[in-house]
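**Student:** The sequence and its predicted three-dimensional model are supplied below.
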Amino acid sequence: MGVKTLLLDTNRASIPIFQSLTKRGDEVWVVGCNPNQPLANICDHYVNLDYSNHDDLDDFIEKENFDYIIPGCTDASYRAYTSMRNKIFKTNDTIEIFDSLNNKYNFRELLALLNIRAPKRVDRSTALNLPSIIVKPVDSFSGQGITKLNNPQVKELDAATNFAYKNSVSGKTIIEEFVEGQLYSHSCFFEDGKIVADFIVREDCVNNPFAVDLSYVDFSFNKTVLLSYRKSIYKVARHLKIKRGLLHSQFILKGTTFWIIEATRRCPGDLYNLLIEKSTGYQYSENYLASFFGMESIPFIPSKSKRRRIIRYTLCPKFKSTLQKISFNKKVKIDEFYPLIPIGSNLEPGPAGRTAIIFFESECLSSFNDTYSALIDETLCSIN
């Protein structure tokens with residue numbers, strides 16, 4: 001009998017993980033409470049189960065006797081993984097590690113303890129005296145529930161706090177100073193407590209100021225800053241006793257100064273793994289899986305010859321509309337196109353109306369820059 005593996009996700013972002021599992025020859029099962037999600041339709045063994053209900057998940061795991069459990073690309077998936085009473089663990093991940101990283105309040109406390117620069121958490125009275133602040137839930141994602149306020153007033157702060165509260169699973173919010181700069185992400189893989197591969201990705205928020213929809217691997221990122229950033233990540237990993245697997249984080253960079261914003265052990269969403277794989281040749285999905293199998297992995301360190309100029313773009317509508325077609329206003333090379341909804345669907349503006357994830361490829365730097373600028377300006381493609 002073959003290996004029986006459970007993937008805790010049915011979202012489109014986990015399709016590369018699912019494909020890596022099937023490539024291994026595993027009998028793959030997936031669970032999730034939305035039968036319309038892509039993997040619910042793709043996978044032969046889909047079970048309609050809300051994995052955020054940990055008791056139901058535990059009962060299901062006991063019944064089916066899985067060899068491996070793999071968290072997908074959502075915070076709820078990773079929380080469920082770390083909360084299992086059936087410890088089919090090949091990593092040292094615990095609910096305490098999850099909460100230290102994924103809860104924004106706890107993560108700020110951890111960074112302060114380790115003397116790592118991050119946006120300062122402030123109380124209400126201090127916030128009213130700052131030029132710019134951010135109010136957000138401690139446990140949201142994709143920019144949900146976040147408000148930036150300039151020269152905040154009492155009524156504005158009350159409204160922003162209430163908005164964050166409504167978007168928080170735990171009903172908790174946090175206020176921080178606003179830090180200006182360019183957003184980046186850092187994805188690294190640990191083996192025996194050492195970083196064996198890492199990647200810097202520039203990220204931009206075009207449609208919504210708090211949701212990434214445009215990115216590329218930055219091969220020319222400042223090496224001195226990267227070395228300094230790695231030191232901070234090592235501090236976090238050593239404190240949490242992370243020896244193996246993925247640690248993904250986001251930071252703001254201004255000049256050579258960085259502030260760490262968020263971190264997680266789960267695979268990032270919106271096909272981030274494919275961006276790394278296409279750009280560098282590194283088997284991101286397979287190395288993400290390796291730590292959950294408990295086997296020795298030998299990560300492939302990409303060579304310069306594997307570098308490709310790839311842009312990942314999540315197309316979102318600016319206004320409410322009905323999807324009829326997607327138009328491109330200039331000639332571009334599309335490496336892959338992932339439709340997220342069918343023609344005729346009603347679209348909400350912003351991240352809620354994600355329409356497609358598109359990977360563009362450019363043969364030369366000037367073409368790459370032209371394509372990226374057109375995407376920033378929202379002049380390259382449109383939804384009709």
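**Tutor:** Good, I have the coordinates.
**Student:** residue boundaries of the helices in the stretch 51-200 of the chain?
**Tutor:** Under the criterion DSSP state H, counting those that start in this stretch, the stretch 51-200 of the chain contains helices at 54-64, 75-83, 95-102, 104-113, 124-127, 154-166.
**Student:** List the buried residues in the shortest one.
**Tutor:** Pointing back at helix 124-127 there. Buried residues in helix 124-127, counted by 16 or more other CB atoms under 10 Å: Ala127. All C-beta spots, glycine's among them, are computed from the backbone N, C-alpha and C.
**Student:** now what about that helix, what contacts it?
**Tutor:** Outside helix 124-127, the residues that touch it by CB atoms under 8 Å, 6 or more residues apart in numbering are 133, 135, 152, 157, 175.
**Student:** Surely the first one is in contact with Asn151?
**Tutor:** Yep, that's Ile133 we're talking about. No - the criterion here is CB atoms under 8 Å, and Ile133 misses it with Asn151 at 9.5 Å.
**Student:** so after the longest helix anywhere in the chain, what's the next helix or strand?
**Tutor:** Assignment by DSSP state H gives helix 223-240 as the longest helix of the chain. Moving toward the C-terminus from helix 223-240, the next helix or strand (DSSP states H and E) is strand 245-254.
**Student:** Show me what that next one is in contact with.
**Tutor:** The contact list for strand 245-254, computed with CB under 8 Å, 6+ apart, reads 91, 119, 179-190, 203, 225, 229, 233, 236-237, 258-268, 287-288, 290-292.
**Student:** again, but for stretch 155-164
**Tutor:** Outside stretch 155-164, the residues that reach it (CB under 8 Å, 6+ apart) are 124, 127-128, 133, 135-137, 140, 145-147, 149, 152, 173-175.
**Student:** Quick one: residues contacting Asn92.
**Tutor:** Asn92 neighbours (CB under 8 Å, 6+ apart): 241-243.
**Student:** and with 7 Å instead?
**Tutor:** Going by CB atoms under 7 Å, 6 or more residues apart in numbering, Asn92 touches 241, 243.
**Student:** and if you look at the one 10 residues further on?
**Tutor:** For Asn102, the residues meeting the contact criterion (CB under 7 Å, 6+ apart) are 75, 139, 264.
**Student:** rewinding a little: can you list which of the contacts of strand 245-254 are found in strands?
**Tutor:** Among the contacts of strand 245-254, DSSP state E puts 182-190, 203, 258-264 in strands.
**Student:** In ChimeraX, select just the buried ones from those residues.
**Tutor:** Buried residues among the ones in strands among the contacts of strand 245-254 (16+ other CB under 10 Å), as a ChimeraX selection:
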select :183,184,185,186,187,188,189,190,203,258,259,260,261,263,264
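**Student:** Any stretches of the chain with poor pLDDT?
**Tutor:** Residue ranges of the chain with pLDDT under 70: 1, 86-91, 140-143, 295-305.
**Student:** any idea how far Ile358 is from the residue nearest to the spatial centre of it?
**Tutor:** Nearest to the mean C-alpha position of the chain, by CA atoms, centre = their mean, lies Pro268 at 2.8 Å. Computed with CB to CB, to the nearest Å, the distance linking Pro268 and Ile358 is 17 Å.
**Student:** Could you give the number of residues near Lys318?
**Tutor:** The tally of other residues near Lys318 (other CB atoms under 10 Å) stands at 14.
**Student:** hang on, it in a helix?
**Tutor:** No - going by DSSP: H, G, I helix; E, B strand; the rest coil, the assignment for Lys318 is coil, not a helix.
**Student:** So it sits against Pro349, correct?
**Tutor:** Yes - contact criterion CB atoms under 7 Å: Lys318 and Pro349 qualify, at 5.8 Å.
**Student:** hang on, the earlier thing: show the contacting residues for the residue nearest to the centre of the chain.
**Tutor:** By CB under 7 Å, 6+ apart, the contact set of Pro268 is 73, 248.
**Student:** and it, backbone torsions?
**Tutor:** Here is the backbone geometry of Pro268 (degrees, to the nearest 10): phi -60, psi 160.
**Student:** do you know how far it is from Leu227?
**Tutor:** Distance, Pro268 to Leu227, using CB to CB: 23 Å.
**Student:** Quickly note the distance from the residue nearest to the centre of the chain to Tyr338.
**Tutor:** Pro268 is 15 Å from Tyr338, where distance means CB to CB.
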